[in-house]
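Asker: Need the 3D shape of this:
(chains A and B)
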Amino acid sequence: MTGVCDIRVLLVSGSTRSRSTNTAALRSAHELLQPGCASLHVGLAALPAFDPDADHPPLPATVEALRSEIAAADVVVFCTPEYAGTLPGSFKNLLDWTVGGAEISDKPSTWINVAAPGRGTGADATLAVVLGYVGAAVMNTSGVRVPVAHQAVDASGRISDPDTRDRLRDAFETIIAEVATAAPRSLGSDDDRRLYNRGTAMAIACWEHFARATEGATVIHAPGVAAAVFPHAPERAVYNNAVLEHDLEPAERATASPPGRCMPADTAAPLSQLPSTSPTVRSPRGARGANPRAGRRSSRRVPRLSPKPPPNQRPDRGRRETVPSSRRTFRGGSKPRRSP
Amino acid sequence: MRHKTPIHVLALPGSLRRASHTTALLRAAKALAPAGVDVTLYQGLADLPPYDQDCDVDVAPAEVQDLRGAIARADAVLLSTPEYNASIPGQLKNALDWASRPYPANALRDKPVAVIGASTGTFGAARAQGELRMVLSAIGARVIDCGLAIGRATDALDADGRPADARQRDRLARIVHVLAEAARSGPSERAA
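Answerer: Numbers count the residues shown, from 1 in each chain, chains lettered A, B, ... in the order given. Here you go, the predicted structure:
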């Protein structure tokens, strides 16, 4: 092995027990991995109870340590027991502390499950949801089963059984291989241009969808510009909009002009009513560095959603009261905002 | 056997925030409780240590004894939860991890419980509430089949923390009533 780490692995156990099979699996994995390139988080029991009021600098040292360890890792591997059908509260508390920082965002994250076959599926399910929600890049290999019996844990809190160690080695080789071959996106960050392109593509797709169900409405694709034209109220006040097309060079961007006027800002519905699944359009001028979370939100949500609202929520002119205000939110150049 | 009055309801909040909407809902529940029902707010959530089976011995930590005692003395429990990351707040689940032991003869066994919640987002902590009901059932509590999800809580609660909407206020009062009736009606079919 070279002295340089190919992949830095952070191992986080969800158990506070000294003889935990989960912690034992990670301790043993620590020994099996490239020396010096894996670390075991040991602060679970020392974290304070998460309080949103306290989630600002100066953070408790234990929280700082957790976030620094996540930041320094290329992949985070969890291993947790299941209590009463879901995650242990103390482990969920650890995950709650990650959301206030950007470290977990797009971080390749996965877990192994050491429960007996057929057990622990509630923990799998909750972990998948929570990791997805905090913005981690949840890996395909997540939830690999490596059953560890309590008898397999020796007095030093490690797994002595050779078969179990082999299965553990296989699981981590699979995880490392996935991290090593992952697309750059999961190891890097989106630049402004890609965020803008994704956001505008989604906004345009939404306009086209709404326009199909609205009398006289159309989406015009002019050179450098896409414009939504809704001639009649009430959609006129809400959906009329334009964005600069994808992949414009600065010179093209400077000369492109929308064929219609942009909607005055004061006619827009409150952005605070944006639901978590709504598309957002982000300004190409918005610097991701100034607020890393703003860009992250849109980059994570935009590719997932379907632009097609349920049938009873389509902007049917005869049933205008059914148009949810939360869908009246497409404004080029707007920064995504969320309710407080 | 009819339960003696008054009925004692332990109100268990899931948030540690000072201006918590979910705790405000529990205060509103207390104010809306019918005669003969008192609602007591549990205030020890922040002090509970992380659950550790190694420490869960004959003499549990004092904070844990306090929680288990408060549940045991109550005739029913009303939980009010926010939602963190699409799930139960870790520290509330941690409280239930302590309360669930010893299993199955824990303080929540056959105890009538109801779950309500609030969030500043759209769904009023509906996912956390669903997960909580599942957890409480697994622990052995008698989960009352009614809930209240207050979305956009910043606007939906008035200055006193009560639901501004009369229907939501009525529903909250109704939940306290149903919970008290469940406590009065005695042991569940399972225990009978």
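Asker: Going by C-alpha atoms from here, please, whenever you check contacts or count neighbours.
Answerer: Will do.
Asker: any low-confidence regions in the chain?
Answerer: Went with chain A since none was named. Residue ranges of chain A with pLDDT under 70: A:1-3, A:183-198, A:202, A:223, A:245-340.
Asker: The intended chain is chain B.
Answerer: In chain B (pLDDT under 70), the answer is B:1-4, B:187-192.
Asker: go again using 50 as the cut-off
Answerer: Counting by pLDDT under 50, chain B shows low-confidence ranges at B:1, B:3, B:189-192.
Asker: Spatially central, which residue of it would that be?
Answerer: Nearest to the centroid of the C-alpha atoms of chain B, with distances taken as Cα atoms, centre = their mean, sits B:Leu79, at 1.6 Å.
Asker: Contact residues of chain A facing chain B?
Answerer: Residues of chain A found near chain B (Cα under 8 Å from any Cα of the partner chain) are A:15-18, A:45, A:49-53, A:83-86, A:88-96, A:99, A:126, A:129-130, A:133-134, A:275, A:339-340.
Asker: for the stretch 151-300 of chain A, what spans make up the helices?
Answerer: Shown for the stretch 151-300 of chain A, the helices assigned by DSSP state H, counting those that start in this stretch span residues A:162-181, A:184-187, A:192-212, A:235-239, A:250-255, A:292-301.
Asker: thinking again about what came up before, is it fair to say the residue nearest to the centre of chain B lies in a strand?
Answerer: Yes: under DSSP: H, G, I helix; E, B strand; the rest coil, B:Leu79 falls within a strand.
Asker: helix/strand/coil for the residue lying closest to B:Pro50 once chain neighbours are set aside?
Answerer: Nearest non-adjacent residue to B:Pro50, counting by Cα to Cα, 6 or more residues apart in numbering or on different chains: A:Ser90, 5.3 Å away. At A:Ser90 the chain is in helix, as set by three-state DSSP.
Asker: and A:Ser90, how many neighbours does it have?
Answerer: 31 (other Cα atoms under 10 Å in any protein chain shown).
Asker: Which strand or helix spans B:Ala31?
Answerer: B:Ala31 is part of helix B:21-32 when elements are defined by DSSP states H and E.
Asker: Give me the buried positions along that helix.
Answerer: Within helix B:21-32, the residues that qualify as buried are B:His21, B:Thr22, B:Thr23, B:Ala24, B:Leu25, B:Leu26, B:Arg27, B:Ala28, B:Ala29, B:Lys30, B:Leu32, counting by 16 or more other Cα atoms under 10 Å in any protein chain shown.
Asker: So it, near chain A or not?
Answerer: No: Helix B:21-32 lies out of reach of chain A by Cα under 8 Å from any Cα, never closer than 12.5 Å.
Asker: B:Ile139 contacts B:Ala107, correct?
Answerer: No: with contact defined as Cα atoms under 8 Å, B:Ile139 does not reach B:Ala107; the gap is 9.7 Å.
Asker: which neighbours do the two share?
Answerer: Shared contacts of B:Ile139 and B:Ala107 (Cα atoms under 8 Å, 6 or more residues apart in numbering or on different chains): B:Ser100.
Asker: Please list the outside residues in contact with stretch A:89-100.
Answerer: A:14-15, A:44-45, A:47, A:49-50, A:55-56, A:63, A:67, A:80, A:104, A:130, A:134, B:50-51, B:84-85, B:89-97.
Asker: Buried ones among those?
Answerer: When the contacts of stretch A:89-100 are checked for burial by 16+ other Cα under 10 Å, the buried set is A:14-15, A:44-45, A:47, A:49-50, A:55, A:63, A:67, A:80, A:104, A:130, A:134, B:50-51, B:84-85, B:89-97.
Asker: Just to be careful, could you list which of those are in helices?
Answerer: Judged by DSSP state H, the subset of these located in helices is A:Val63, A:Arg67, A:Val130, B:Gly90, B:Gln91, B:Leu92, B:Lys93, B:Asn94, B:Ala95, B:Leu96, B:Asp97.
Asker: Grab the nearest non-local neighbour of A:Pro117.
Answerer: Nearest residue to A:Pro117 in three dimensions, chain neighbours excluded: A:Pro147, at 6.8 Å (Cα to Cα, 6+ apart).
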